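[1] any chance you can model this:
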Amino acid sequence: QVQLVESGGGLVQTGDSLTLSCAVSGLTFSRYSMGWFRQAPGKEREFVAGSAGNVGSTYYADSVKGRFTISRDYAKNTVYLQMNSLKPEDTAVYYCAASEFRLVVKSRDAYAYWGQGTQVTVSS
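    Alright, predicted model coming up:
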């Protein structure tokens, strides 16, 4: 059974940093691309960052480029999202997801497995 469990969300102030974690089990972690998505109230779920399976490439949405960093710990089967210089517009529920595609794909449809989400709220 595949499980993705996010943690690390919370309430922070503008300019603060936060690191999200996603522990993955039930699949061969190195063979899957991993993505972080977010969904704000009344908006569609959007791609934030992605990490290819064992290629090492990463990809970011323009809105977070230079502020967010995705990384993976293959020994722990965990993917992280380091978020710096947070803004109120970063407020959303953040989801991690796993895709069988070898390279990073931004489309939600490419991701077969999803976590339950973790809330990030950035106050102004």
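
[2] for residue 11, the count of nearby residues, please.
    12 (other CB atoms under 10 Å). The way it works is simple: take the backbone N, C-alpha and C, and place the C-beta from them, glycine included.

[3] ignore what I typed, I meant residue 63.
    Residues near residue 63, counting by other CB under 10 Å: 13.

[4] same check, this time on residue 29
    20.

[5] tell me where the model's unsure across this protein.
    55 (pLDDT under 70).

[6] show the contacting residues for the residue positioned nearest the centre of the chain.
    Closest to where the C-alpha atoms of the chain average out (CA atoms, centre = their mean) is residue 36, at 2.1 Å. Contacts for residue 36 (CB atoms under 8 Å, 6 or more residues apart in numbering) come out as 20, 22, 47-50, 68, 70, 79, 81, 94-97.

[7] again with residue 18
    Residue 18 neighbours (CB under 8 Å, 6+ apart): 8, 9, 10, 12, 83, 86, 120.

[8] which among the residues you listed count as buried?
    8, 9, 12, 83, 86, 120 (16 or more other CB atoms under 10 Å).

[9] looking at the residues you listed, which are in strands?
    12, 83, 120 (DSSP state E).

[10] bridging residues for the second one?
    Okay, so that is residue 83. Beta-bridge pairing for residue 83 (DSSP bridges): residue 18, residue 68.
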